[in-house]
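> prediction below, plus the sequence it came from.
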Protein chains: 2
Amino acid sequence: MESFVFHNETKIIFGRGTENRVGAETAHHASKVLLHWGQGSVERSGLIDRVKASLKAAGVSHVDLPGAQPNPRLSLVYEGIRICREEGSGFVLAVGGGSVIDSAKAIAAGVPYQGDVWDFYDGKCQPERALKVACVLTIPAAGSETSGSTVITREEGQLKRGLTCDEHLRPVFSILNPELTCTLSPKNTAIGAADIMSHVMERYFTNSREVDLSDRLCEAVMGAVRHNLPRVLAEPDNVDARADLMWTGTQAHSDLIGMGRIGDWASHIIEHELSAIYDIPHGAGLAVVFPAWMKYVYRHDLPRFAQWANRVWGVEADFNHPESMALEGIRRLEEFYKRCGLPIRLGEFGIDDARFDEMASKASGGGAHTIGSFVKLDKAAIVAILKLSV
Amino acid sequence: MESFVFHNETKIIFGRGTENRVGAETAHHASKVLLHWGQGSVERSGLIDRVKASLKAAGVSHVDLPGAQPNPRLSLVYEGIRICREEGSGFVLAVGGGSVIDSAKAIAAGVPYQGDVWDFYDGKCQPERALKVACVLTIPAAGSETSGSTVITREEGQLKRGLTCDEHLRPVFSILNPELTCTLSPKNTAIGAADIMSHVMERYFTNSREVDLSDRLCEAVMGAVRHNLPRVLAEPDNVDARADLMWTGTQAHSDLIGMGRIGDWASHIIEHELSAIYDIPHGAGLAVVFPAWMKYVYRHDLPRFAQWANRVWGVEADFNHPESMALEGIRRLEEFYKRCGLPIRLGEFGIDDARFDEMASKASGGGAHTIGSFVKLDKAAIVAILKLSV
């Protein structure tokens, strides 16, 4: 096991009707907030009105910034920073899924920073302070509700880049009401679940040795996705199954299950290049990229892939043929995604190989560096994985 | 799944040599601390000297309170409260296992309280504030390193009582170096592991429905105990296996794996009566009481016991005979404990039925109330379970 520091201070408030506690929780931190949300669905459902009423009852005023999109844009982040500075809002409250929360974190990091907030995403520097962020979550997917991570897309150059700052960007509280997820379409539910599954798999495939407990914790979370996603798709109004899936999304990315192991985030990086150019949903892109990545790397550690196939996908243990087990595990992952309505090939998005070289180049700093940890991938390897996704 | 609030702010610093960071971490919080430890082992190993050197290097002064015992005593807590008040120490640093940490928490709660700190343990009131507490952990067992719980024994009346106050009594940081656990005797290692296993089982056996993910997380932690305890006993100097067991102890009681479910702490309550009177180690008492509790209650939810037997102990799924599966699971738990050198019957401590009635009476408020949640146990039921422990 690797040495680590774990410190996750996010207060999680989970259960039916909990969005009505948002005002009282916010009032512990601020009297004026930037209220940030996405597109129309949280307005149509009445959620935004309920949040506003709760804030009002607690004496918290708000300025509004709707309009965050999937693959949230830098231009709106700039707008949020401007509003916070002009209005003196010292707290950002996100209502929505990972895109809205990520956008809120970017605003929170940008307000007290003199330079361009993109500097943080560009790797030039790390935030030394940030406004506090909190959220009312509506989509189980990104895990942004307890993570210190945020991913933003800069329109210029079609760049999608991530920032992690656990010290300043973990939400101070996150409200999770599984009822709010019942209106998610089957497609978006499955896309979110693919993101959840990927967060675990990025941690699971590691070169760190002697990680028995965290292996088991990762397998538990993957098992819960495998068990609950089909239930939710079959019964969209089953709040119990929705609750389990929502909590699974948080556990997948709170970082606890990954402590003591070095993850491999290459699949995420490759997917970011896809969604930066083609604006496809992140989770859907991951459903395509991850199996392709696996086909490229599985020989690197057959015992690990065999264990995964056995413990997560129920492939019978066959110690004489671990490679067959690994391939059967990957096949079952693809089959699971397909059964849940997810794409498993780029062709399903109408994406061909025209820009593979460009994406691989952007992901690898023009070929100057490798990505990943389990297996280090150079530009040629990234292209090879994209070809396996066709 | 039940609604819940989860908020665990403890910063965990895990890895070899991490005790040398204690001074720097403490300096973020205080310049003068009460340094609290137990008996001679942390002195003989040189750990206390290393901790003092680290504090000194960080400019933190300390007043010392050694002498905490297993089943920590109220009289020493009073002493610690007096010292903190007289010396103006606003922070309690525990170096040791759960007993020392629990004692430190009691001191921390008592210092700012005008009344008798026992009031909190007696259920008269809850702490409204407390000094900050931190620890350097030396024994994987109690999980007190991230919990808000503390158990203290009052010598007068042989009363052992617990207090949980997550808001004020979770340590602000906990330093976990698995190397420090290599000198634990096989007996104490196993006793600690029985405590760990019990913390998970108390959460696992629940009447809460639709708890798929947390079932799996609990099973992961139980599986890790089953896997790593025999490894550690066979190779006491295997720091990797020690690390896994240590991290397992924290996960078992950080509360995350139990969120959304109502646990049943009857076995802990019954064991407290045993160790209050006979001063046996808590984990050893649990190794005896838990299988007896199971034999008394398993018919209440055969599917749950069958699932546990299958997923944790590898008992083959036999849907026509869940009762046989349950009994086989309990048998394997006892066999596991026995193989690891743990007692599984009260006779092994020389305890007979002479004071069963007294213990059952104390546990049930003189017969006035029941204990437990999965199955509510009255005084007669507690006696019956004690009889099954003989």
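Sure, I can see it.

> flag every residue of the stretch 51-200 of chain A that's near chain B.
By C-beta under 8 Å from any C-beta of the partner chain, no part of the stretch 51-200 of chain A sits against chain B. Every residue, glycine included, has its C-beta placed from N, CA and C.

> identify the residues contacting the closest residue to A:T138 other than its chain neighbours.
Nearest residue to A:T138, sequence neighbours excluded (C-beta to C-beta, 6 or more residues apart in numbering or on different chains): A:L180, at 4.9 Å. The contact partners of A:L180, taken as C-beta atoms under 8 Å, 6 or more residues apart in numbering or on different chains, are A:E19, A:S45, A:L47, A:V136, A:L137, A:T138.

> compare those and tell me which is most surrounded.
With neighbours taken as other C-beta atoms under 10 Å in any protein chain shown, the top of these is A:L137, carrying 32 neighbours.

> who does it bridge with?
A:G96, A:L176 (DSSP bridges).

> ok, it touching A:P171?
No: A:L137 sits out of contact with A:P171 when judged by C-beta atoms under 8 Å, with a separation of 9.3 Å.

> joint contacts of those two?
A:I101, A:E145.

> what's the lowest-pLDDT member of the contacts of A:L180?
The lowest pLDDT within the contacts of A:L180 belongs to A:S45, with 94.

> give me the neighbour count for the residue lying closest to A:I107 once chain neighbours are set aside.
In this structure, A:I107 finds its nearest non-sequential neighbour in A:G80, 3.6 Å apart by C-beta to C-beta, 6+ apart. Counted with other C-beta under 10 Å, residues neighbouring A:G80 total 25.

> state the distance from A:G80 to A:A276.
A:G80 sits 20 Å away from A:A276, taking C-beta to C-beta, to the nearest Å as the criterion.

> and if you look at A:E316?
41 Å.

> between those two, who's got more neighbours?
Set A:E316 next to A:A276 and count neighbours by other C-beta under 10 Å: A:A276 wins out with 22 against 8.

> wait, a strand at that one?
No: counting by DSSP: H, G, I helix; E, B strand; the rest coil, A:A276 falls outside a strand, being helix.

> how close does it sit to A:A284?
14 Å.

> same thing with A:D264?
20 Å.

> how about A:P112?
35 Å.

> and A:G23, by the same measure?
35 Å.

> repeat that for A:T183.
In terms of C-beta to C-beta, A:T183 sits 19 Å off from A:A284.

> who has more neighbours, these two?
Here A:T183 and A:A284 are compared on neighbour count by other C-beta under 10 Å; more neighbours surround A:A284, at 26 against 15.

> can you give me the pLDDT of that one?
A:A284 is given a pLDDT of 97.

> may I see the buried residues of the longest helix along chain A?
For chain A, the helix with the greatest residue count under DSSP state H is helix A:212-234. Neighbour counts over helix A:212-234 (16 or more other C-beta atoms under 10 Å in any protein chain shown) mark A:212-233 as buried.

> so which of those residues also contact chain B?
Among the buried residues of helix A:212-234, the residues that sit close to chain B (C-beta under 8 Å from any C-beta) are A:D212, A:L213, A:S214, A:R216, A:L217, A:E219, A:A220, A:V221, A:G223, A:A224, A:H227, A:N228.

> which ones are touching the last one?
Residues in contact with A:N228, defined by C-beta under 8 Å, 6+ apart, are A:A241, A:D244, A:L245, A:T248, B:D212, B:L213.

> correct me, but the fourth one touches A:M222?
It refers to A:T248. No: with contact defined as C-beta under 8 Å, A:T248 does not reach A:M222; the gap is 9.1 Å.

> ok so, going back, residues in contact with the residue nearest to A:I107?
A:L34, A:H36, A:L65, A:V92, A:S103, A:A104, A:A106, A:I107, A:G110.

> inside helices: which ones of those?
A:S103, A:A104, A:A106, A:I107, A:G110.

> top of those residues by neighbour count?
Busiest of these [other C-beta under 10 Å] is A:A104, holding 33 neighbours.

> and A:I152, which of the three is it?
A:I152 - assigned by three-state DSSP - is strand.

> the closest residue to it other than its chain neighbours and chain B: what is the separation?
Among residues not flanking A:I152 along the chain, A:A106 sits closest, at 5.1 Å (C-beta to C-beta, 6+ apart). Between A:A106 and chain B the computed distance is 25 Å (C-beta to the nearest C-beta, to the nearest Å).

> ditto for A:L34
Applying C-beta to the nearest C-beta to A:L34 and chain B gives a distance of 24 Å.

> just the CA atoms of stretch A:264-276, as PDB, please.
Output of stretch A:264-276 as PDB, limited to C-alpha atoms (Å, rounded to 0.1, in the frame of the first residue of the first chain):
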ATOM      1  CA  ASP A 264      -4.500   5.500 -13.800                       C
ATOM      2  CA  TRP A 265      -6.400   8.300 -15.400                       C
ATOM      3  CA  ALA A 266      -5.500   7.700 -19.000                       C
ATOM      4  CA  SER A 267      -9.000   6.800 -20.100                       C
ATOM      5  CA  HIS A 268     -10.300  10.000 -18.600                       C
ATOM      6  CA  ILE A 269      -7.600  12.000 -20.400                       C
ATOM      7  CA  ILE A 270      -8.400  10.400 -23.700                       C
ATOM      8  CA  GLU A 271     -12.100  10.900 -23.300                       C
ATOM      9  CA  HIS A 272     -11.600  14.500 -22.500                       C
ATOM     10  CA  GLU A 273     -10.000  15.000 -25.900                       C
ATOM     11  CA  LEU A 274     -13.000  13.300 -27.500                       C
ATOM     12  CA  SER A 275     -15.600  15.400 -25.700                       C
ATOM     13  CA  ALA A 276     -13.600  18.600 -26.200                       C
END
